[in-house]
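# Would you be able to build a 3D model of this:
(chains A and B)
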Amino acid sequence: MNTKTLLIRYDEIGLKGRNRRHFENQLVSNIRYALRDIKNIKIDKIHGRILGRVDFTDAEKCTSRLTQIPGIASISIGNSMEPDFDKIAQLGISLIQSKLQVLGKLKFCVRTRRSNKSFPFTSKEFDFEVGSRIMEALSSNGLSVDINHADFVLEVEIGPQKTIVFDNRVSGLSGLPVGSSGQVLSLLSGGIDSPVSTFKLINRGCRVHSVFFDNRTFLGRGGYDKVVRLAHTLNRFQGGGKLYVISFQAIQVAIRDHCTDSNRVVLYRRMMYRIAHALAELKNYQGLVTGESVGQVASQTLKNLMAVSCVVPMSILRPLIGMNKQEIITHAKQIGTYDISIEPQPDCCSVFMPNHPGTSCKIKYLEADERLYPWEELMSSALDSMETIDLDDLD
Amino acid sequence: MIYLDNAATTAISPKVMDVLKESMDSDFANPGTIYSIGLDAKKKVERAKQDIVSALNIPPTHKIVFTSGGTEANNLFIKGFCFSDKKVAYLGLEHPSILEPLAYLGSLGNNPHSLLEYQTEGRLDLKQASVLTKSQSQLLCLSHVNNELGTVNDPVSVFVTLHINSPDTRLFMDGVQAVSSMKISSKMWPGLAAYSLSGHKIHGPKGIGLLVYDSKLSITPIIHGGRQQDGVRSGTLPVPLIRAMARAIVLAVERIDEMQDHFNFLNNRLVQGLCELNDQLPELDIRFNSLVTDDLQKQSPSIVNFSFAPVEGEVLLHHLEEKNIFVGLGSACSASSKKPSKILTGIGLSEEEARCSLRLSFSGNNTIEDVDLFLKEFSIAYQGLYPTFRE
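All right, here's what the predicted structure looks like:
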């Protein structure tokens, strides 16, 4: 079999102390799961790195999938070959040339690691011999040497049995491997923010399930379809996620018909938090995730955040709390949710939005409003009719 | 399922489907090639074209060019005929596939002349036609049947008026909504510079339409390529789609008397039922946006548009959807904005009234039971929603 070596590096896990092995094992397990359909693949954990051996035809596909797995800092595809300057330089030329053609100019360097100390050249000598051959061939095409800020690093590992030459590193997501930090429940809408907050927690090692509050009788099924696609897109980074769909129209209508106009939005959110909390308790999830960011809309002032948080005795994780909209949009584009989020879809019918939503709702008045409609009964009925979607089934 | 949104699209007819399947299977050859199977395919296209010519009474003075649909046909004629300096007038109540190409011409410095102030009941008021002479318009664009209201601009009456009052103005009509409910008379063609059609509005396939145009006119193509169709519209001809559309047109024309009676029957039942609901429910205030008349010169019986403020049409649509009843919005919002389209506001409704409206459009597949069930569920949904919308 003509194989290639995948060198999979991690960063944050390397800073862990005695429990480092737990994180490493979780990452190896996640990698094996993500590449489970690749034939004849072999994944091993060796000296603080993870090495994979795959058929050369699968190497690119595997690399692409590994870039979607939290916990991996970078991946390189390696070729086993003889420790011959000319042959290694030739491979380097072919790898660099294609990038040079696209970019016009490129800074590069060679980095050699030599675990076979009987090899007759030092690492630095090896760097020079290979690097000078590559420069000779490509310097007139715009290639230059820069050891500290190279765009392309040709890495060479000279071991006792074999020498491996690695292509440029492909960046991964970094963060922590999913499954190492427990399970949480994200309040997912069809907007831009909540998919990003969901991803942020996935990238901190949580398995994130999502709950969507659906009002299709008023808004149609378009919002539901969009959230299913968003949840499915996010599940690619973790696997094993679930999407819970709660029918919210009866609650919204009751609040609309019985409560103070300016309190409506906060009252809707208090009900969403309560339902999410009850669901998280039921499923043994350890926190709620929201896409709130201070001051973004009326319901996200500090006072209103307090007014919604106080209804649930559970951690509320708000990874976007200090981010501005443009930063959130940049993240959304990186994770592939932005284009889905901006598809036009009514997300709140004008009939439910008050003309002047309150920015500083007082808890005693919110509680007084909540005595005007049977929220406990409506919440119980919403949970009873909940739909559960296993996101792996959509693959 | 009860489907009452046939102005949006129609279900493909079984007879059309038979043609489509058979042709997909057998007519794979490129009709632009010179070997026998290509020539056979070309013959089938010519035959389909002949069937369309006969069904629609198209005279030899006019040519047919196949397009990807009504939108392309409208774009082809407006851009191809008017680019870049011919003056154009339009009513202002047309489909976006007319309004947007006109706006595009405007962006190039050739501003179209809106006749919206001369509309009456959604039609061009023909008494005002002399304004076209003053504006030196060389082309007038109108819908034969308006897509949201069903109001009719009768081609023969418009042409006769133009001939007398503004003889230098040619007439282009969007016929996409017309063929299913209007008789296409041979008398209309001499007055028409061009006329557009779409397959999927008449139980044919999507992705095919046509432009009938006066062969004396020079049309600059907007799609360039292998010079098919005299170079007016390049691209390999989709033989199965053309044959299927031809079949759909023939079937629509064959059944037009029967369909007009059927649509009148459904229309009367719907209008009567809505009037009865209006009398029974104190909170309901129906306003008909389309004309309540049997006069086919003024109104297509296949479209009924009505308002019922304060309940939003979109919310009512979704409530009906829950009951498996599918209707159209009275005023379609554009994908990028919440503003209602200009048709209902153009005939004098406020934006709120425009949003609180539905459009029902019939096909031969609808029955009186469909209308009755719609009326029942509309009444239930309206009564349920009214308290929520009442301020």
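# what sits against residue 172?
Just going to use chain A. Taking Cβ atoms under 8 Å, 6 or more residues apart in numbering or on different chains, we find A:G172 in contact with A:I8, A:R9, A:L66, A:T67, A:I69, A:G71, A:I72, A:A73, A:S74, A:I75. Glycine gets a C-beta too; all of them are placed from N, C-alpha and C.
# ah, no, chain B please
B:F77, B:I78, B:F81, B:L139, B:L140, B:C141, B:L142, B:L192, B:A193, B:A194, B:Y195.
# number of nearby residues for residue 19?
No chain specified, so I'll use chain A. By the criterion of other Cβ atoms under 10 Å in any protein chain shown, A:N19 has 10 neighbours.
# if you could check chain B rather than the one you did, that'd help
By the criterion of other Cβ under 10 Å, B:V19 has 20 neighbours.
# from memory it sits against B:I249, does it?
No. Checked against Cβ atoms under 8 Å, the pair B:V19 and B:I249 is beyond contact range at 11.7 Å.
# pLDDT (mean, whole number) over the host helix or strand of B:M173?
Using DSSP states H and E, B:M173 maps to strand B:170-174. Across strand B:170-174, pLDDT averages out at 96.
# Adjacent strands (with direction) for that strand?
strand B:139-143 (parallel), strand B:194-198 (parallel) (DSSP bridges).
# out of those strands, nearest to A:R371?
strand B:139-143 (55.5 Å; Cβ to Cβ).
# which element follows the closest one toward the C-terminus?
Counting by DSSP H and E, what follows strand B:139-143 is helix B:155-165.
# helices or strands up against that following helix?
Using 3 or more Cβ pairs under 8 Å, 6 or more residues apart in numbering or on different chains; DSSP states H and E as the contact test, the elements touching helix B:155-165 are helix B:131-134, strand B:139-143, strand B:170-174.
# ok, and for it, which residues are buried?
B:P155, B:S157, B:V158, B:F159, B:T161, B:L162, B:N165 (16 or more other Cβ atoms under 10 Å in any protein chain shown).
# Nearest residue to the last one in space, please, no chain neighbours.
Put plainly, it is B:N165. B:A129 (4.2 Å; Cβ to Cβ, 6 or more residues apart in numbering or on different chains).
# Give me the distance between that neighbour and chain A.
Distance of B:A129 to chain A, computed by Cβ to the nearest Cβ, to the nearest Å: 39 Å.
# Likewise for B:G92?
The gap separating B:G92 from chain A is 25 Å, by Cβ to the nearest Cβ.
# so that residue sits in a helix?
No. Secondary structure assignment (DSSP: H, G, I helix; E, B strand; the rest coil) places B:G92 in coil, not in a helix.
# My read is that it contacts B:S341, right?
No. Using Cβ under 8 Å, B:G92 makes no contact with B:S341, being 11.3 Å away.
# re the thing from before, what is the neighbour count of the residue nearest to B:N165?
Neighbour count for B:A129, taken as other Cβ under 10 Å: 21.
# For it, give me phi and psi.
With angles defined as degrees, to the nearest 10, B:A129 sits at phi -60, psi -20.
# how about the helices in chain B?
Using DSSP state H, the helices of chain B run over B:14-26, B:36-56, B:70-82, B:96-107, B:131-134, B:155-165, B:239-254, B:256-280, B:313-322, B:342-346, B:351-355, B:368-389.
# Redo those as TSV? Include mean pLDDT.
Converted to TSV, the helices of chain B look like this (pLDDT from 0 to 100):
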stretch	mean pLDDT
helix B:14-26	97
helix B:36-56	97
helix B:70-82	95
helix B:96-107	94
helix B:131-134	80
helix B:155-165	92
helix B:239-254	98
helix B:256-280	97
helix B:313-322	94
helix B:342-346	86
helix B:351-355	88
helix B:368-389	95
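# okay, these in a markdown table with distance to B:G226 next?
A markdown table is the format used below for these (distance: least, Cβ to Cβ, whole Å):
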| stretch | distance to B:G226 |
| --- | --- |
| helix B:14-26 | 21 |
| helix B:36-56 | 13 |
| helix B:70-82 | 16 |
| helix B:96-107 | 24 |
| helix B:131-134 | 38 |
| helix B:155-165 | 34 |
| helix B:239-254 | 15 |
| helix B:256-280 | 36 |
| helix B:313-322 | 44 |
| helix B:342-346 | 38 |
| helix B:351-355 | 45 |
| helix B:368-389 | 46 |
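# okay, stretch A:274-285 in PDB with CA atoms only?
Output of stretch A:274-285 as PDB, limited to C-alpha atoms (Å, rounded to 0.1, in the frame of the first residue of the first chain):
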ATOM      1  CA  ARG A 274     -37.300  28.000  32.100                       C
ATOM      2  CA  ILE A 275     -38.000  25.400  29.500                       C
ATOM      3  CA  ALA A 276     -34.400  25.000  28.500                       C
ATOM      4  CA  HIS A 277     -33.500  24.600  32.200                       C
ATOM      5  CA  ALA A 278     -36.200  21.900  32.700                       C
ATOM      6  CA  LEU A 279     -34.900  20.100  29.600                       C
ATOM      7  CA  ALA A 280     -31.300  20.300  30.700                       C
ATOM      8  CA  GLU A 281     -32.200  19.000  34.100                       C
ATOM      9  CA  LEU A 282     -34.100  16.100  32.500                       C
ATOM     10  CA  LYS A 283     -31.200  15.200  30.200                       C
ATOM     11  CA  ASN A 284     -28.500  15.900  32.800                       C
ATOM     12  CA  TYR A 285     -26.800  18.700  30.900                       C
END
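# For it, buried residues please.
Neighbour-count burial for stretch A:274-285 [16+ other Cβ under 10 Å]: A:R274, A:I275, A:A276, A:H277, A:L279, A:A280, A:Y285.
# At the contact with chain B, which residues of the stretch 151-300 of chain A appear?
A:R216, A:T217, A:F218, A:L219, A:G220, A:R221, A:V253, A:R256, A:D257 (Cβ under 8 Å from any Cβ of the partner chain).
# Can you pull the domain assignment for the chain?
Unless you meant another one, I'm taking chain A. Per automatic domain parsing, the structural domains of chain A span A:3-171, A:183-394.
# wait, I meant chain B there
Taken from automatic domain parsing, chain B resolves into B:14-254, B:256-389.
# can you give me the offset of the shortest one from its chain's centre?
If you compare the mean C-alpha spot of domain B:256-389 with that of the full chain, they lie 18 Å apart, counting by Cα atoms, centre = their mean, to the nearest Å.
# That domain vs chain A: in contact?
Yes. Judged by Cβ under 8 Å from any Cβ, domain B:256-389 and chain A are in contact via B:312, B:314-315, B:317-319, B:321-322, B:335-336, B:387-389.
# For chain A, which segments count as helices?
So, for chain A - with DSSP H - the helices run A:20-34, A:59-66, A:85-103, A:123-138, A:193-202, A:216-219, A:222-235, A:249-258, A:264-283, A:302-309, A:325-335, A:338-341, A:363-370, A:375-384.
# got the angle between the last one and helix A:363-370?
Yep, that's helix A:375-384 we're talking about. Between helix A:375-384 and helix A:363-370, the angle comes out at 70 degrees (axes from the mean of the first three to the mean of the last three Cα atoms, to 10 degrees).
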